[in-house]
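Quick one, what's the 3D model for this:
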Amino acid sequence: MRIAGQDRTAISGGGERWGTDLYAAQIDSMSRKTAIRPLPWAAQVPIAIALALAGAFAAVGLRGRTHLVRVVAVTAIGALFVVAAVLLYRSEQLLVGIPYGLVALALGAWLGGRFSSGGLR
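The predicted structure is shown next:
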């Protein structure tokens, strides 16, 4: 429901979205003459598993280092993933579930650190 003087639009399924967000996404898609597609789940799941393993291996491989070094290493892996996801979106118009990958990376690093320190044995 549009309210006079406000830039919000009701979306199906409930909730509201700022009108400029909707328009910007549509204009961007039309100007490129492309359709934005989500990455299939068959590709999304292996990416999340790979990121969880990368986080675990980083935590275990750097267990003798300071906490700051481990955090920077895992953050760098996450940043590389985000850059790769943005490049994939810009080149192929494929949306990668960045939050899923980052959560998998963080959980993998946390579990790897817990196992290597003996906290979960």
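
drop to CA atoms for contacts and neighbour counts, all remaining ones
Fine.

Show me what the helix or strand that residue 107 is a member of is in contact with.
When elements are defined using DSSP states H and E, residue 107 is found to belong to helix 98-117. Judged by C-alpha atoms under 8 Å, 6 or more residues apart in numbering, the contacts made with helix 98-117 from elsewhere in the structure are 47-49, 51-60, 63, 74, 78, 81-82, 85, 120-121.

just for this protein, where's the confidence low?
The chain contains residues with pLDDT under 70 at 1-25, 119-121.

In it, what residue spans correspond to helices?
Secondary structure of the chain, counting by DSSP state H: helices at 19-32, 41-61, 67-92, 98-117.

could you dump the second one to CSV, C-alpha only?
In CSV, the C-alpha atoms belonging to helix 41-61 read as follows (Å, rounded to 0.1, in the frame of the first residue of the first chain):
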residue,chain,number,x,y,z
TRP,A,41,21.6,-24.8,-4.5
ALA,A,42,23.7,-27.6,-6.1
ALA,A,43,26.5,-25.1,-6.4
GLN,A,44,25.7,-23.1,-3.2
VAL,A,45,26.1,-26.1,-0.8
PRO,A,46,29.6,-27.1,-2.0
ILE,A,47,30.7,-23.5,-1.8
ALA,A,48,29.5,-23.3,1.8
ILE,A,49,31.2,-26.6,2.7
ALA,A,50,34.5,-25.5,1.0
LEU,A,51,34.4,-22.2,3.1
ALA,A,52,33.7,-24.1,6.3
LEU,A,53,36.7,-26.4,5.6
ALA,A,54,38.9,-23.4,4.7
GLY,A,55,38.0,-21.7,8.0
ALA,A,56,38.7,-24.9,9.9
PHE,A,57,42.1,-25.5,8.1
ALA,A,58,43.0,-21.8,8.7
ALA,A,59,42.2,-22.1,12.4
VAL,A,60,44.1,-25.4,12.8
GLY,A,61,47.0,-24.4,10.7
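
Alright, calling it a day.
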